[in-house]
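Colleague: turn this into a model:
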Amino acid sequence: MSTRIAFLKGHGTENDFVIVPDPENAIDLPPATVAALCDRRAGIGGDGLLHVVRSAAHPEAEEMAAEAEWFMDYRNGDGSVAEMCGNGVRVFARYLQHAGHVTEGDLAVATRGGVKTVHLAKDGDVTVGMGRARLPEGDVTVTVGERSWPARNVNMGNPHAVAFVDDLADAGDLLSPPPFSPAAAYPDGVNVEFVADRGPRHVAMRVHERGSGETRSCGTGACAVAVATARRDGADPIATGTPVTYTVDVPGGRLLITERPDGEIEMTGPAVIVAEGEIDGEWLAGAAERRSG
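Modeller: Residues are numbered from 1 along each chain as shown. All right, here's what the predicted structure looks like:
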C-alpha cells in the first residue's frame, strides 16, 4: 500500500461515501481497512466506500468490461461487500465526471448487481436505471420492540423488506437490525424500510441498511419502497402499460422513482462531491490492524 492514498468524500441525499480512486485495482481494501476509513470518529466517515476500478482490472467485473468501463466495487460501512447501492451509483457517476473521465449525458456503470445506465443532467441531478424489481413470494414480518408488521419482500439486486407504518417513529432507533421472519427469506441479511404516507404518490421512509445501521438515504431502498407502495395502491405498470412515479422523502432529502411499463425503474436525485485529499497510509495500516486484531 502506498504511503499516501487519494480519496474523495461525496453524498447523495446525505447517504455519504468515502471514494477511493483505484483504476488498476492496485489498492488492497480488506474489511478492517474499509471499516477504519468509514469510522465517523476515528476515520474519514461514511455509510460506505466507493472503490473506483476499471472493469477490466477487477475479476468480478471483467465480463462487464465491454458494456461498462468502470466498476463500482461497493462496500458497506462495516467493510462487508454489497451487491448495489443506488445513491452510491449516483455519487460514483458524479466522481467520474469530476475526474474528467465522463461528461454530461449517458454512461454505464458495472456493479455486482449488473450494469446500470446513468444519465448526468445539466441541472445537476443524476438518473440511474436501477433495473427491474423482483417480488419473491411468501409472507415476511419485521419487528421493533413489542410490535410487528407485515413487510413486502422486494429485491433490487439486494434484498429489502418494506413495512408500512402509521408513524416513522414506530421504527425505533434503528441502531441494530430489526428482527425478521422467516429467517430463510433473507439468508444474507436485509435492508429494512419503514414507510409512512405523505400524500398521493408521495411517501416518506426510514431505513436500516445491513452493515451500516440507519442511514440518511438508501437508493435501492427508495426504489423498493416505490414498487411496494405501487402494488399496495393497485398500480402495476407492467400490467397497465402506464408508468408510475412516486416521490420518496428520506431523512437526507428527496428522490423521484419511476417504474416504467417494461418494468425498468429509474431513480433521480442529487449527487455531490464535497472534499478530496489524501489518506495517511501508516495511520490506515495501524487503524486496520487494530480493528482486525
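Colleague: and Phe7, that one's in a strand?
Modeller: Yes: counting by DSSP: H, G, I helix; E, B strand; the rest coil, Phe7 is found in a strand.
Colleague: what about it, neighbour count?
Modeller: Phe7 sits with 19 neighbouring residues when counted by other C-beta atoms under 10 Å. For glycine as for every other residue, the C-beta is placed from the backbone atoms N, C-alpha and C.
Colleague: quick check: beta-bridge partners of it?
Modeller: Under DSSP bridges, the beta-bridge partners of Phe7 are Gly277.
Colleague: residues in contact with it?
Modeller: Contact analysis of Phe7 by C-beta atoms under 8 Å, 6 or more residues apart in numbering lists Val18, Ile19, Val20, Pro21, Leu37, Ile44, Glu276, Gly277, Glu278, Ile279.
Colleague: what about 10 Å?
Modeller: 18-21, 37, 44, 46, 49-50, 275-279 (C-beta atoms under 10 Å, 6 or more residues apart in numbering).
Colleague: checking Ala32 next. Helix, strand or coil?
Modeller: Secondary structure, three-state DSSP: Ala32 is helix.
Colleague: pretty sure it sits against Arg75.
Modeller: No: in this structure Ala32 lies outside contact range of Arg75 using C-beta atoms under 10 Å: 11.3 Å.
Colleague: give me the more crowded residue out of these two.
Modeller: Between Ala32 and Arg75, counted using other C-beta under 10 Å, the more crowded position is Arg75 (29 against 18).
Colleague: do you know how far the more buried one is from Gly105?
Modeller: 28 Å (C-beta to C-beta, to the nearest Å).
Colleague: what of Gly43?
Modeller: Plainly put, Gly43 is 35 Å away from Gly105 if you go by C-beta to C-beta.
Colleague: and the two? which has more neighbours close in?
Modeller: Neighbour comparison, Gly43 and Gly105: the larger count goes to Gly43, with 20 against 11 (by other C-beta under 10 Å).
Colleague: now the helices for the stretch 151-293 of the chain?
Modeller: In the stretch 151-293 of the chain, the helices defined using DSSP state H, counting those that start in this stretch lie at 219-232, 237-240, 281-292.
Colleague: tell me which of these sits nearest to Glu69.
Modeller: helix 219-232 (21.5 Å; C-beta to C-beta).
Colleague: export that closest one to PDB, keeping only CA atoms.
Modeller: The C-alpha coordinates for helix 219-232 follow below in PDB (Å, rounded to 0.1, in the frame of the first residue of the first chain):
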ATOM      1  CA  GLY A 219     -31.400   4.500  -3.200                       C
ATOM      2  CA  THR A 220     -32.300   0.800  -3.700                       C
ATOM      3  CA  GLY A 221     -34.500   1.100  -0.700                       C
ATOM      4  CA  ALA A 222     -36.400   4.100  -2.200                       C
ATOM      5  CA  CYS A 223     -36.900   2.000  -5.300                       C
ATOM      6  CA  ALA A 224     -38.200  -1.000  -3.300                       C
ATOM      7  CA  VAL A 225     -40.500   1.400  -1.400                       C
ATOM      8  CA  ALA A 226     -41.900   2.900  -4.600                       C
ATOM      9  CA  VAL A 227     -42.600  -0.600  -6.000                       C
ATOM     10  CA  ALA A 228     -44.100  -1.900  -2.800                       C
ATOM     11  CA  THR A 229     -46.300   1.200  -2.500                       C
ATOM     12  CA  ALA A 230     -47.400   1.000  -6.100                       C
ATOM     13  CA  ARG A 231     -48.500  -2.600  -5.600                       C
ATOM     14  CA  ARG A 232     -50.300  -1.700  -2.400                       C
END
